[in-house]
Every structure is written in C-alpha cells, then in structure tokens.
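> sequence isn't available, so here's the structure alone:
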C-alpha cells in the first residue's frame, strides 16, 4: 500500500473495571468493556487496519486482543504507548482528577501530577508511534492506548485542543489520522453498542 489511504487509528481502550486502591495501569476490562469491543471492531473496520498494537496496560491489551480477533488481524504489544505516568497518584474523585488533567494540558512543561510532564509524555508516545510506523511500512495501524496520550498526540499533530478532546473521548472511542501527514480524518467519541 502506498502512503495514500494509510491511516493511524488511535483507540482509547474499552471500559475498565475501576478498582480503588489498585493503580489504573493495572486495571482489566469490565464485562461491559469486553462486550463493547465487538462494536468497536465493526466501527474501525472501514478504516482497514492491517495490524493492531496495544500499550502494555492490561485494559489496552485486552481491548486489542478482542478487536484483533473480531477483525482477524494480527496484534502485538509495544513499549511507550502507556498512559501518562501517574501510578503514584492515589484514588481521587472525578472532579479533582479532571482539574488535574486540565492543568496537565495547560502547563505542558511543568510536573503537575504523576511523574511525567505533558511534554515528556508526548515525547515518549510520539517516539513509540514513529517506531511503529517505521516497523510497519505501508500499513494502516490501529493503536490501542489511553485518553491522555492520544489527546496530547492529536493536539500536537493535528491541532486539536487537548483537554476538550480528552473530555469527549469515551470508553472506547477512536481518532483517525492520515499517514504520513497526521491530518485529522475523524473522531468517534463514543462507540455505539447496538
């Protein structure tokens, strides 16, 4: 395949089972999240992903495995695609969490919460995406990752406002970019499940 028509499909993982006291990077999919993966596969199928790649986090890997199975496509895990490093942040309520994420996007060079700045998070994720596109030349990729890293990448690649995008992305959802220019093709904020 030539670059024309190639896509990068950035998928926010499906609904996890949220376990207070367990870091979010260790959460697995909830049963409802597993069920949503069939609809997710159906909705990304028109973009013809050749390979599905997941972050190392269980909820992303499980989403990728289910989507790849439904589409009969290969999948693998890759380093660098994980969420903003914040496993040291304990359980906080939704309103406080959203305020911290908004500040994270607003002050990208500052260590707002967690152990990575927005700039460091973006650098890591963008390097992982560049490595994957080089590893799979001429192929469309579906990358199952996380809301914050996807929002940072799309904001800096295609000009979206990061917090507004982050706020709109459901569990699951996806953003489609053209390759190699990373122009925004579409945003599917919520995957309909029938």
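Received, thanks. Only a predicted model underlies this, so the values are computations on that prediction, with no experimental measurement involved.
> quick check: the residue nearest in space to the middle of the chain vs residue 176, distance?
With distances taken as Cα atoms, centre = their mean, the residue of the chain nearest its centroid is residue 145 (2.8 Å). Using Cβ to Cβ, to the nearest Å, one obtains 14 Å as the distance from residue 145 to residue 176. Backbone N, C-alpha and C define where each C-beta goes, glycine included.
> thinking again about what came up before, which phi and psi does the residue nearest to the centre of the chain have?
Residue 145 adopts backbone torsions of phi -140, psi -140, taken as degrees, to the nearest 10.
> what sits against it?
10-13, 54-55, 60, 81-83, 125 (Cβ atoms under 8 Å, 6 or more residues apart in numbering).
> narrow those to those in helices?
60, 125 (DSSP state H).
> show me where this protein has its strands.
In the chain, the strands defined using DSSP state E lie at 7-12, 51-54, 75-77, 141-145, 173-178, 184-188.
> in its sheet, what does the first one sit against?
So the one you mean is strand 7-12. strand 141-145 (parallel), strand 173-178 (antiparallel) (DSSP bridges).
> how far does it sit from its chain's centre?
7 Å (Cα atoms, centre = their mean, to the nearest Å).
> what's it in contact with?
Contacts for strand 7-12 (Cβ under 8 Å, 6+ apart): 40, 44, 47-49, 63, 67, 129, 133, 140-147, 150, 153-154, 169-179, 182, 185.
> report the inter-axis angle for that strand versus strand 184-188.
Angle of strand 7-12 versus strand 184-188, following axes from the mean of the first three to the mean of the last three Cα atoms, to 10 degrees, is 30 degrees.
> buried by neighbour count: which residues of strand 7-12 qualify?
7-12 (16 or more other Cβ atoms under 10 Å).
> can you list these in JSON lines and add pLDDT?
JSON lines is the format used below for these (pLDDT from 0 to 100):
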{"residue": "7", "pLDDT": "97"}
{"residue": "8", "pLDDT": "98"}
{"residue": "9", "pLDDT": "98"}
{"residue": "10", "pLDDT": "98"}
{"residue": "11", "pLDDT": "98"}
{"residue": "12", "pLDDT": "98"}
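> any chance of those residues in TSV, plus distance to residue 88?
Shown next, in TSV, are the buried residues of strand 7-12 (distance: Cβ to Cβ, whole Å):
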residue	distance to residue 88
7	35
8	30
9	31
10	26
11	26
12	22
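> distance of residue 54 from residue 98?
Distance from residue 54 to residue 98, by Cβ to Cβ: 25 Å.
> which of those two has more neighbours?
residue 54 (27 against 14; other Cβ atoms under 10 Å).
> tell me what the more buried one is bridged to.
residue 77, residue 144.
> pLDDT value on it, please?
On the pLDDT scale, residue 54 is placed at 98.
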